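# Need coordinates for the following:
(one chain, ligands or ions: 1)
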Amino acid sequence: MLNLGILVSGGGTNLQAIIDSIESGYLKDCSIAVVVSSRSGAFALERAKKHNIPSIVISRKAYESIEAYDDALIQCFESHGVGLVVMAGFLTMVGEKFIEKYRGRIMNIHPSLIPSFCGKGYYGIIPHQKALEYGVKITGATVHFVEPEYDSGPIILQKAVEVRDDDTPETLQKRVMEEAEWKILPQAIKLFSEGRLVLNGRKVTITD
Ligand code: GAR
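A predicted model of the protein is given here:
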């Protein structure tokens with residue numbers, strides 16, 4: 001059984017996609033051991049509660065240093081026997097200590113085709129605003145392993161989504177979530193749980 005630790009900050013639709021994938025049997029031998037939110041008001045916490053999943057708020061503001069924050073996260077995940085950490089709309093920075101501890105076992109979903117519209121300051125609706133301003137015809141979502149620099153880690157899966165002439169940031173965000181994020185995040189977790197992701201330098205290959 002692979003125990004998942006899910007990091008969230010907001011609405012939790014990606015968390016919901018993981019919950020649904022477990023309940024439908026798409027994700028086998030996976031269980032959400034704990035949901036950690038960086039914000040007390042996050043609706044993701046309600047979703048966890050509804051499905052009887054343990055949840056906790058670990059806010060960056062409550063810790064003096066990034067190391068102390070990392071320690072709190074590590075302690076939480078260790079106490080729940082977490083084997084894979086999933087950043088599912090997690091908008092708080094973690095430190096190198098946390099990343100060292102879970103290197104190759106932390107993935108993040110980002111709402112663009114990395115390396116476009118990513119990096120510091122690109123989160124939530126912003127990558128969609130920037131994509132529309134730039135005039136790209138295709139955007140999408142990326143699941144990648146996490147490294148200390150924002151959105152820089154090895155890419156696991158990407159899915160493209162067409163941009164429409166009448167898109168607003170909100171309509172584009174919704175379509176990217178529905179057509180890409182909610183599919184490739186569970187898919188990446190499934191591949192990891194089946195031991196099918198091979199990390200070689202910054203390249204991820206998927207074995208049969
Ligand atoms: C998602 O679009 C996710 O890709 C994005 O935040 C949203 C969270 O939605 N993450 C980032 O921007 C990370 N850089 P959710 O809380 O409904 O899953």
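# is it true that K120 touches Y150?
Yes - counting by C-beta atoms under 8 Å, K120 touches Y150, with 5.1 Å between them. For glycine as for every other residue, the C-beta is placed from the backbone atoms N, C-alpha and C.
# Quickly find the element holding G104.
G104 is part of no helix or strand, with elements assigned from DSSP states H and E.
# mind listing what it touches?
Residues near G104 by C-beta atoms under 8 Å, 6 or more residues apart in numbering: 145, 199.
# Compare neighbour counts for K120 and Y150 and give me the winner.
Neighbours were counted for K120 and for Y150 using other C-beta atoms under 10 Å; Y150 has more, 16 against 9.
# show me the contacts for the more buried one.
Per C-beta under 8 Å, 6+ apart, neighbours of Y150: 118-120, 122.
# Now the two most distant members of those.
C118 and K120 (9.1 Å; C-beta to C-beta).
# Could you give the number of residues near the one residue in the chain that gets nearest to the ligand?
In the chain, the residue found nearest to the ligand is G89; the distance is 2.6 Å by C-beta to the nearest ligand atom. Neighbourhood size, G89 [other C-beta under 10 Å]: 26.
# so which helix or strand takes in it?
Here G89 is assigned to no helix or strand, by DSSP H and E.
# longest single helix anywhere in the chain?
helix 66-79 (DSSP state H).
# next helix or strand past that helix?
Counting by DSSP H and E, what follows helix 66-79 is strand 84-87.
# which of the contacts of Y150 are buried?
118, 122 (16 or more other C-beta atoms under 10 Å).
# who in the chain is up against the ligand?
Counting by C-beta under 6 Å from any ligand atom, the chain comes close to the ligand at 8, 10-14, 44, 88-89, 109-111, 123-124, 177, 181.
# now do 8 Å
Proximity of the chain to the ligand, by C-beta under 8 Å from any ligand atom, involves residues 8-17, 42-44, 87-91, 108-111, 118, 122-124, 126-127, 141, 150-151, 173, 176-177, 181.
# Of these, select the buried ones using a ChimeraX command.
Here is the ChimeraX selection string for the buried members of these, based on 16+ other C-beta under 10 Å:
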select :8,9,10,11,12,13,14,15,16,17,42,44,87,88,89,90,108,109,110,111,118,122,123,127,141,150,151,173,176,177,181
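# Spatially nearest residue to V34 (excluding sequence neighbours)?
Using C-beta to C-beta, 6 or more residues apart in numbering and skipping residues adjacent in sequence, the residue nearest V34 is H80, 4.4 Å away.
# I'd assumed I56 was in contact with the one you found.
No - using C-beta under 8 Å, H80 makes no contact with I56, being 9.5 Å away.
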